[in-house]
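Let's see this in three dimensions:
(chains A and B)
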Amino acid sequence: MDKYIKLIFILVLYFICFNFVFPDVLKIPIFQKYSFHLGLDLQGGTSLIYKVDLSHIPQKDQDSALESLKNIIEKRVNLFGVKEPEVRIEKNLQETRLLVNLAGVKDIKEAIEMIGKTPYLDFREEDQSNTSTINFKKTELTGRFLKKADLEFDPKTYSPIVTLEFNEEGAKIFQELTKRNIGKRIAIYIDDNLISAPMVQEEISGGKAQITGKFAIQEAKELVRNLNAGALPLPIELISQESIGPSLGKIYLEKSLKAGIYGLIGVMIYMILFYRFSGFLADLSLLIYAGILLSLFKLIPVVLTLPGIAGLILSIGMAVDANVLIFERMKEEKRSGKDLSLSLKEGVKRAWPSIRDSNLTTLIIALIMFFLGSSFVQGFSLTLGLGILVSMFTAIFITNTFLELFENTAFEKIKILWP
Amino acid sequence: MFDVIKYRFLFYTFSLILVLGSIFSIFYFGFNLGIDLKGGSILNLEFKENRPEIPKIEEALKDLNLNINFQPVGEKGLVLKMKDISEETHQKILEKLNSLSPIDESKESFQTIGPSIGKELQRKTNLVIILCALSILFYVSIAFRKASRPVPSFYYALFGTIALCHDVLISSGLISILGKFKGVEFSIPIITALLTIFGYSINDTVVVYDRIRENLTKKTSQESFEDVVKKSINQSFLRSFNTSFTTILPLIFIYFFGGESLKYFALTLIVGIAFGTYSSLFLAPQLIVDYYLRKKKNRS
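Numbering: from 1, shown residues only, chains lettered A, B, ... in the order given. Predicted coordinates:
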């Protein structure tokens, strides 16, 4: 490739990256569409992990139950007015978990209550195995099949009644359940508390049931509202929580950015002191390195967390490693009397195996670490890995293109510019 | 110039002292496990005015029976560590502290991790460490397969790996000592740093080995194997130092300016990378020379 074509390509790249990182300078609309995505640790927010109890759900129904659990929690969280809530189901060998990430929630207590208050409704039938006392065993009919709940009043006693309407599937199950329990009792449980246990007179089709517990009106109202907002199809238990105050996240962000900028400037100065003009050219490619990486963070998008920024800063230092290896080689080649053009070619050729190997090992480790799954490791290894890939391109291709521009020019002869 | 081969026993002694010290510390003091690995709760907060005295805080929270560990931070900050607590208890603590002296809620952070998550992370971490070690070993044995004569490539890989373990051990030892005396926790960030050292530190060794390999092909009949290794170390000195220093430089800024949560993460990396450079210049090549000399002696 002609070196001027390469140069034009690089300049275009500079232009694009500059606009991605600082969209408000030239105000080109297409670049203004993208923004950085900050993780909870940098913007403040709450991250909750619940353990999901799947033990009472047959294998084949588990996926759909989890899906409806996710939908119901999402609906709940949306009621709370959280911007871009993230609700995720995570399965591993031991247990199934529900992850809820709420950005910028001010009142965490309320958020947790909101999710936790979602009632878990289920129907149980008499357990025949024990005749002396009446026990109830779980059936497959749960709040998952609920279409809606209503508050009504008993025309005789004026006490409140909660009526339930099941969806099609639930109606069938309910019909089946009443059919085999005629003359027996069916118990209605909410959050594992027995609410009522009416006697079944006949098989009920149409999927309607009512709960005539001894409700206070307020209590019945609340239950109806909570059931309508979504009865949980599966019981959940909070096992982990992390919350970060909004200004704390801001402090973290400012501190880490400060460290990053100082680090970048420090490395750039060191490179100039040590490698003079070629160091300066390496610095130019270090700038575009940071630019490309930040643009990718916006484009992909990569959610920026504190460890992610740490990975980015570390990769700045690693990015110039390739330059150091090439420049040191060039020094040697020059000492043996070669000119800039030849020593550059030789330097790149000789340094390449160690550059390739060193980046490869770090990349392998970053890849393995990513699968550890802890959010700290993932944030760190993602930016570190991306950084290594980008730096292979910038440190070698871009720096060398710059150097090639000065081949066979008067510039090459000015001794003080070169190490 | 300082003869890096002749005085190699100085380096051996230095490394041996540090490694033995680290092993002692790890076995004797152990690690101060972070809550991300063992489960528990950590509450980070800042008072609006000056922080009340610790005994007063202890008194206020006494009836919650939590066996809390208090750590003052700066003038207004406070860190509370305890077993994993519910959201309700968390709110109770905040309430009680608030009535003692108002808390800046926007600067509060709370993390609670159930023991099951901690255990799972521990298990996963072990797996990842093994995978990383295996992949690096695999890599090293492939990377050096071309180095042969007069020392078989296997020994390059072996001594390179020993040097790597030396780096990681010393960094872990430091965290163990800091855990004992300054309460620094062995947590996921520290493990991340150690693994990164594993991946990065091997590179300096590769650079030096590469040089040895190259110089061996150009070796004249007057030069001994020791001379070639010595020359290679001297030639790689600057580039090894510079690659490490440019990597350490931003980490130093993270250590000083990056905030509390990244401080010891950065320190572990700094120490690991620094010792990585040291061991690739002053340990691994010298061990190869010693192996070579012993083999030569046995033969004659």
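
In the stretch 251-400 of chain A, where is pLDDT below threshold?
The stretch 251-400 of chain A contains residues with pLDDT under 70 at A:373.

need the strands for it, in chain order.
A:303-304 (DSSP state E, counting those that start in this stretch).

what do you get for the stretch 201-300 of chain B?
Under DSSP E, counting those that start in this stretch, the stretch 201-300 of chain B gives no strands.

residues from it in reach of chain A?
Counting by Cβ under 8 Å from any Cβ of the partner chain, the residues of the stretch 201-300 of chain B close to chain A are B:202-203, B:206-207, B:210, B:235, B:238-239, B:242-243, B:245-254, B:256-259, B:261-262, B:265-266, B:269. For every residue, glycine as well, the C-beta is placed using N, CA and C.

Whichever of these end up buried, select them in PyMOL.
The buried residues among these can be selected in PyMOL (16 or more other Cβ atoms under 10 Å in any protein chain shown) with this line:
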select buried, chain B and resi 202+203+206+207+210+235+239+242+243+245+246+247+248+249+250+251+252+253+254+257+258+259+261+262+265+266+269
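
out of the residues of the stretch 201-300 of chain B next to chain A, which are inside helices?
The helices, defined by DSSP state H, take in B:202-203, B:206-207, B:210, B:235, B:238-239, B:242-243, B:245-254, B:256-257, B:261-262, B:265-266, B:269 from these.

B:H166 reaches B:G272, doesn't it?
No - B:H166 is beyond contact range of B:G272, at 10.4 Å (criterion: Cβ atoms under 8 Å).

Can you give me the domain assignment for the chain?
Since no chain was named, I'll use chain A. A:3-40+A:245-417, A:49-242 (automatic domain parsing).

Not quite, go with chain B.
Split by automatic domain parsing, chain B gives B:8-35+B:116-299, B:40-113.

Which among the ones you listed is found nearest to A:Y120?
Closest to A:Y120 of these is domain B:40-113 (Cβ to Cβ; 18.1 Å).

which ones are touching A:F327?
A:Y275, A:S278, A:G279, A:A282, A:G347, A:P419 (Cβ atoms under 8 Å, 6 or more residues apart in numbering or on different chains).

and among the domains of chain B, the most buried is which?
Highest mean neighbour count among the domains of chain B (mean count of other Cβ atoms under 10 Å in any protein chain shown): domain B:8-35+B:116-299, with a mean of 19.

how close does the residue of the stretch 1-150 of chain B found nearest chain A sit to B:S86?
Relative to chain A, the nearest point of the stretch 1-150 of chain B is B:G114 (3.5 Å; Cβ to the nearest Cβ). Taking Cβ to Cβ, to the nearest Å as the criterion, B:G114 is separated from B:S86 by 11 Å.

what do you get for A:F277?
From A:F277 over to B:S86 the distance is 63 Å, taken as Cβ to Cβ.

Please name the bridge partners of B:V79.
B:N44, B:Q71 (DSSP bridges).

Contacts only, for it.
B:V79 makes contact with B:I42, B:L43, B:N44, B:F70, B:Q71, B:P72, B:V73 under the criterion Cβ under 8 Å, 6+ apart.

what do you get if the cut-off is 7 Å, keeping everything else the same?
Applying Cβ atoms under 7 Å, 6 or more residues apart in numbering or on different chains to B:V79 gives the contacts B:I42, B:N44, B:Q71, B:V73.

and the first one, that one's in a strand?
When you say that, I think you mean B:I42. Yes - assessed by DSSP: H, G, I helix; E, B strand; the rest coil, B:I42 belongs to a strand.

now for the domains of chain B, which one comes closest to A:E74?
domain B:40-113 (20.6 Å).

Now the closest one: average pLDDT?
In this model, domain B:40-113 has a mean pLDDT of 86.

The residue of the stretch 1-150 of chain B closest to chain A is in contact with A:I239, isn't it?
Yes - B:G114 lies in contact with A:I239 (Cβ atoms under 7 Å); the separation is 3.5 Å.

Surely B:E46 is within a helix?
No - judged by three-state DSSP, B:E46 forms no part of a helix; its state is strand.

and it, what does it touch?
By Cβ under 7 Å, 6+ apart, the neighbours of B:E46 are B:K76, B:G77, B:D104, B:K107.

Enumerate the positions of stretch A:263-283 that are buried.
A:263-264, A:266-268, A:270-272, A:274-279, A:281-283.

So which of the residues you listed belong to helices?
A:263-264, A:266-268, A:270-272, A:274-279, A:281-283.

what subset of those residues is also close to chain B?
Counting by Cβ under 7 Å from any Cβ of the partner chain, A:G263, A:G266, A:V267, A:Y270, A:F274 from these sit close to chain B.

Thought B:L249 was touching the second one, still the case?
To tie it back to what came earlier, the one meant is A:G266. Yes - under the criterion of Cβ under 7 Å, A:G266 makes contact with B:L249 at 4.7 Å.

List phi and psi for B:F186.
phi -90, psi 110 (degrees, to the nearest 10).

And the spatially closest residue to it that is not a sequence neighbour, its phi and psi?
Nearest residue to B:F186 in three dimensions, chain neighbours excluded: B:F31, at 3.6 Å (Cβ to Cβ, 6 or more residues apart in numbering or on different chains). Per-residue torsions, B:F31: phi -110, psi 150 (degrees, to the nearest 10).

before we move on, what about A:A216?
Per degrees, to the nearest 10, the backbone of A:A216 is at phi -80, psi 150.
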